[in-house]
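*Asks:* Below are the sequence and a predicted model; questions follow.
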Amino acid sequence: MRGYAARRLLVALALIWVVVTFVFLAIHLVPGDPAELLLSQGGVAPDPGAVAELRQKLGLDRPILARYVEYVAGILHGDLGVSLRDEHSVADEIRLRLPRTLELIGVAAVLALVFGLPAGTWAALRAGGHADRALSVLSGIFLSVPVFVLGTIAILVFAQKLRWVSAGGFVAFERDPLQHLMLLAMPAGTIAVGLSAIVFRMTRSSVLEVLGRDYVRAAQAKGLTPRRIVLHHVVRTALIPVVTVLALHLGSLLGGTVLVEFVFNWPGLSGYLVSAVEARDYPEVIGIVLVISVLFVLLNLLVDLLYAVLDPRVRHG
Amino acid sequence: MIPSVSRRSLLAGAAALPFLRIAAARARTPGVLTFGLSSYPPSIQPWANTGTAAGTIKLAIYRGLLSYDAKGVLRGELAESWAAEGTTAWVFKLRNATFHNGDPVTSADVKWTIEQIADPKSSAYFRAEMQGVERVETPDDRTVRFVMKQPSATLPLWMASYHLPIMSRKSTSAQPIGAGPFVLKAQERGVAIELEAFPKYYKPGLPKLKGVRAVAYADENLRVAALQAGDVDLIEYVPWQSMEVISKDPKLNLDTVDGPFMYLVFNASKPPFNDARVRKAVGHAIKREEIVKAAFFGRGSPLAHLPIAEASAFFNAELKDGWNYDPALAKKLLAETGHPNGFSSGLLSTAQYGMHKDTAEIVQQNLAAVGVNLELNLPDWATRVALGNKGQFDLGVMGTATDSNDPDALANLIDDSLSPSYVRSFGLKAPRISALLKAGRAEFDAAKRKAIYKEMETLAIAEAPIVGLAWRSQGYATRKEVTGFKNLPGALTFHSGITLEEASVG
């Protein structure tokens, strides 16, 4: 078991190195010069001497290989470098923004489970009925509405018409917990809509599949109460594919909440990544992608561990 | 163990939510104006260009020798008077003003500022211009004398730019010390910047506000929603599609000027656009009203000459329709240059900004009508800038505003002696135009300057170093309670932050 874990860790590290190298090369190969871009803001022509000086100051005039070696050495020392735009520490900025995105995704995932799991189980137990069909149609709608449409409607209704909350934005929790949560509710809710539809569908089909298995019939024959059968025998087994799919979606949300962050002015990691790419802020882009890929790998590890908890065969096999 | 929440208590909690808003969502500090910026400034270094949002902040916390009043007229700022001495020297008399660290603003600080900008290691916007200063003399604490290498009639315009604030010589790059009406209090990177009134500002009674909170709203629709919901008092870059709604809202004010503009740049280093007649043909093939309608929802006006605003003293009414829509003339010019059936070429723009993309699509349609088939290339902005700088395009859509309303600011777009840039045509040869621009810069007599620039524009209509497409409306919107903030005319619209010192919020 320990050897297996060590192997898995090595593979994970190699994977992260490949990602960093790939992103490093890719962002440098894309046209666009960070120094030129910064001084060209607003569509003006910068002085070429000023651009040359800035390139030298930022080290952009040095060969790409030298910069790559230096960057990887920096990572090994835990140094992600500084922004090319304002020399702000990339690690500090990620430390500030990552929790905001994790919070967004976390709350959305909890909401999705709270609504999706019971609804999916309930629908499966009534498969083919009116309620099941209605829920399936509803989940189809939830899945297909783009987040920016939902977000815009939410802003219109809750901020502009009802005036319950501000039109997007962010307030730190320690500054004003209540307002923080109110501002969190809209973006998290918007992400949760699509996510709960996914959880619903997975749960429904998974529960349906498990319901037909022999041991469920055996449990029924033993005279167990339906409640006990569903909770202990059906849902527990049916959860495994649900957890897998949800985890994969959460992983992709790590860098994929950009639309929601944009619509609600939520200063998370995804929006930061996009602005870094637009500005060709190399250290920021690579730093964020590095952190996201590490988290992705960790998330997959976590899922494997969860399997072991949910399925004794994985634990003992 | 999770504490159980009954359905009833959950509902009660939800019902209470609306009443929390007064305390939470709309908390206002009296006398503090909330400014919805279009983006978070990448940096607010005093002398480097880092965009218009940064410019607004710079205008709030720094001051230069000169500035513009609400009508766009030059006025003294840290300097109370200024005058030319001959054609190569300018003398500025400083007034009593105080830096944020409490030190007086002296001629030594001005000299130090100019030296920093002209330094070979500087990345300042006016680096080349300040390298044209031969020396800065400081006969006393209140007098500064600029001795120029070349005759420079336009020095006062540079001194009024927000890229040229006077900084204390005790400033460091981490701790810039300016003399503006507001002091930088806090920065929440990527989110908001907080400014506080500077009590020792040199204009008595100003600033009227206690502070400014500038919050970045990158999404233009959210910026408008935040204004309508009352979260912010003032927004910049009002999206064109929202101008109608805002102007009709009794609780809001809309203030727009035609300042920035769209135009076409050419790759004049190779056929077909190395021929001035082909470039002029393009100018006559465009239906500019369609661009105003499609890209700016009618909020703008056609621009069929060089971007000299109608309000400017240098506007030439008789050249207004220099590149009027005349497809027959366009076809005739194309035939003369050996393209009777038109030709195929590429059009570079960017998909990152709707106005650039929409403009490109109209240009593509209009030129197809005279036989010129353009293939659109719409990469992201960074790539578009790189391709433009390297000359890897045929025809390009651009949008910008000039530095000032003076025609010398046009040099940035059409002077062929400047280095290649995405804002200019690539490989262009227009020596007579650049000679006239140089003459205008050295001419101190207003009437003679006007004549020089008229000749220059006449020449430009014929040679088409660029082709004007459309003025676009640049708007600020405020809640009715905000007074004193003013959108400056024409190209100076991005200098409007200067009026924050006069602004107040009721």
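*Replies:* Sure, I can see it.

*Asks:* Mind listing what's buried along the strand or helix carrying B:Arg432?
*Replies:* Using DSSP states H and E, B:Arg432 falls within helix B:431-442. Neighbour counts over helix B:431-442 (16 or more other Cβ atoms under 10 Å in any protein chain shown) mark B:Ile433, B:Ser434, B:Leu436, B:Leu437, B:Lys438, B:Ala439, B:Gly440, B:Arg441, B:Ala442 as buried. C-beta here means a position set from N, CA and C on the backbone, and glycine is covered the same way.

*Asks:* what sits against the last one?
*Replies:* In this case it means B:Ala442. Going by Cβ atoms under 8 Å, 6 or more residues apart in numbering or on different chains, B:Ala442 touches B:Thr87, B:Gln150, B:Pro151, B:Ser152, B:Ala153.

*Asks:* which stretches of chain B aren't confidently modelled?
*Replies:* Along chain B, segments meeting pLDDT under 70 span B:1-27.

*Asks:* need the strands for the stretch 201-317 of chain A, in chain order.
*Replies:* Here the stretch 201-317 of chain A has no strands by DSSP state E, counting those that start in this stretch.

*Asks:* Name the residues of it found near chain B, please.
*Replies:* Within the stretch 201-317 of chain A, the residues that sit near chain B (Cβ under 8 Å from any Cβ of the partner chain) are A:Phe262, A:Val263, A:Phe264, A:Asn265, A:Pro267, A:Gly271, A:Tyr272, A:Ser275, A:Glu278, A:Ala279, A:Arg280.

*Asks:* Keep only those of the residues you listed that are in helices.
*Replies:* Judged by DSSP state H, those include A:Phe262, A:Val263, A:Phe264, A:Gly271, A:Tyr272, A:Ser275, A:Glu278 as members of helices.

*Asks:* quick one: which two of the residues you listed are the most distant?
*Replies:* For these, the farthest-apart pair by Cβ to Cβ is A:Phe264 and A:Glu278; their separation is 19.2 Å.

*Asks:* of the contacts of B:Ala442, buried ones?
*Replies:* By 16+ other Cβ under 10 Å, those give B:Pro151, B:Ser152, B:Ala153 as buried.

*Asks:* next one: the helix of greatest length in chain B to chain centre, how far?
*Replies:* Secondary structure of chain B read by DSSP H shows that its longest helix is helix B:446-463. Here helix B:446-463 is found 23 Å from its chain centre; the criterion is Cα atoms, centre = their mean, to the nearest Å.

*Asks:* Can you name the next helix or strand after that helix?
*Replies:* For helix B:446-463, the following helix or strand on the C-terminal side (DSSP H and E) is strand B:467-479.

*Asks:* is chain A contacted by that next one?
*Replies:* No - Strand B:467-479 lies out of reach of chain A by Cβ under 8 Å from any Cβ, never closer than 11.7 Å.

*Asks:* State the paired neighbours of that strand in the sheet, together with their directions.
*Replies:* Sheet pairing for strand B:467-479, assigned by DSSP bridges, gives strand B:234-235 (antiparallel), strand B:252-266 (antiparallel), strand B:300-302 (antiparallel).

*Asks:* just those strands: most buried one?
*Replies:* strand B:234-235 (a mean of 26; mean count of other Cβ atoms under 10 Å in any protein chain shown).

*Asks:* if I pick the closest residue to B:Lys251 other than its chain neighbours, what's in contact with it?
*Replies:* Counting by Cβ to Cβ, 6 or more residues apart in numbering or on different chains, the nearest residue to B:Lys251 once its immediate chain neighbours are dropped is B:Lys480, at 5.6 Å. With contact taken as Cβ under 8 Å, 6+ apart, B:Lys480 is in contact with B:Pro250, B:Lys251, B:Leu252, B:Asn253.

*Asks:* ok, now how distant is the second one from chain A?
*Replies:* The one in question is B:Lys251. Distance, B:Lys251 to chain A, using Cβ to the nearest Cβ, to the nearest Å: 12 Å.

*Asks:* Quick one: buried ones out of the residues of the stretch 201-317 of chain A next to chain B?
*Replies:* Listed as buried from these are A:Phe262, A:Val263, A:Phe264, A:Asn265, A:Pro267, A:Gly271, A:Tyr272, A:Ser275, A:Ala279, A:Arg280; burial here means 16+ other Cβ under 10 Å.

*Asks:* tell me the pLDDT at the closest residue in space to the second one that isn't next to it in sequence?
*Replies:* Closest residue to A:Val263 apart from its sequence neighbours, by Cβ to Cβ, 6+ apart: A:Gly151 at 3.6 Å. Looking at A:Gly151, its pLDDT stands at 89.
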